[in-house]
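A.B. asks: Let me see the structure of the following:
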Amino acid sequence: MDLPELHEFHFVIAQSMRIRLEELDVFKGLHKISRSVVRILLLLVPVIKREHDWGKQRDSCYKYVSPDPNENRVHAHAYLPEDLYRKLKLIHQDLNFFSMGQIVRFFIKVFFKLVDEYKEDVLKELERMYKEWEKEARGSRLTLRQYIRQLRIVVQHLRPRKRIITIYDHRFMPFWRLRL
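C.D. replies: Numbering: from 1, shown residues only. As a prediction, this is how the structure comes out:
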């Protein structure tokens, strides 16, 4: 039996975020911070993908762990599945976040905002939102001819010495590198 590879991820959160994670009653029976963080991130995978596709550059700006300078910061560990960790690494690189801990805190805050707005119906609302996004994506999906045309345009505008295109697989790992 193949167990999924887990990546031990260490980050810092504010004491208030830790307390809120421990008291989160959306996930019945999960009292460990690691499990709650992993569950939140796995629930938000479509949100993570959307942020990766459409999010703004962060210019590697440092964001405080807490707006209150007197609030305690605590260390946390999360055991992330390898594909989730790879997605976060790609966002870190592509959107130029200061740290991966900042990314995790960002998505936890997004989830908390959703919980505040939708209360115990947050899971139903996320499901509804994801179905709507999928319908929207199907409606705007490119044909093979359009993909090839788009690739040709991209290749034409590459600098002469930088003619490498990396294609990633479904686990966000480099699958194929084209040297043109």
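
A.B. asks: going forward, measure contacts between C-alpha atoms and count neighbours the same way
C.D. replies: OK.

A.B. asks: what helix or strand is the residue nearest the centre of the chain on?
C.D. replies: By CA atoms, centre = their mean, the chain has its centre lying nearest to Ile48, at 3.4 Å. Using DSSP states H and E, Ile48 falls within helix 45-54.

A.B. asks: what does that helix rub up against?
C.D. replies: Residues outside helix 45-54 that contact it (CA atoms under 8 Å, 6 or more residues apart in numbering): Ile91, Asp94, Leu95, Phe107, Tyr130.

A.B. asks: Quick one: neighbours of the nearest residue to the fourth one once chain neighbours are set aside, just the number.
C.D. replies: Beyond its immediate neighbours in the sequence, the residue positioned closest to Phe107 (CA to CA, 6 or more residues apart in numbering) is Leu41, lying 7.1 Å away. The local packing of Leu41 (other CA atoms under 10 Å) involves 21 other residues.

A.B. asks: mind listing what Leu41 touches?
C.D. replies: Contact partners of Leu41, counting by CA under 8 Å, 6+ apart, are Leu84, Val104, Phe107, Ile108.

A.B. asks: go on, Arg105?
C.D. replies: By CA under 8 Å, 6+ apart, the contact list for Arg105 reads Ile13.

A.B. asks: roughly how far apart are it and Asp68?
C.D. replies: Arg105 sits 15 Å away from Asp68, going by CA to CA, to the nearest Å.

A.B. asks: ok so, going back, I'd like the contacts of Leu41 laid out as TSV, including secondary structure and neighbour count.
C.D. replies: Shown next, in TSV, are these (DSSP: H, G, I helix; E, B strand; the rest coil; neighbours: other CA atoms under 10 Å):
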residue	secondary structure	neighbour count
Leu84	helix	19
Val104	helix	19
Phe107	helix	19
Ile108	helix	19
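
A.B. asks: Out of these, which comes closest to Gln150?
C.D. replies: Nearest to Gln150, judged by CA to CA, of the contacts of Leu41 is Leu84 at 28.1 Å.

A.B. asks: Only C-alpha atoms, please: export the helix holding Ile48 in PDB.
C.D. replies: Output of helix 45-54 as PDB, limited to C-alpha atoms (Å, rounded to 0.1, in the frame of the first residue of the first chain):
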ATOM      1  CA  VAL A  45      -7.500  24.000  -3.700                       C
ATOM      2  CA  PRO A  46      -9.700  25.600  -6.300                       C
ATOM      3  CA  VAL A  47      -9.200  29.000  -4.600                       C
ATOM      4  CA  ILE A  48      -5.500  28.400  -4.500                       C
ATOM      5  CA  LYS A  49      -5.500  27.600  -8.200                       C
ATOM      6  CA  ARG A  50      -7.600  30.700  -9.000                       C
ATOM      7  CA  GLU A  51      -5.200  32.900  -6.900                       C
ATOM      8  CA  HIS A  52      -2.300  31.400  -8.800                       C
ATOM      9  CA  ASP A  53      -3.900  32.100 -12.100                       C
ATOM     10  CA  TRP A  54      -5.300  35.600 -11.400                       C
END
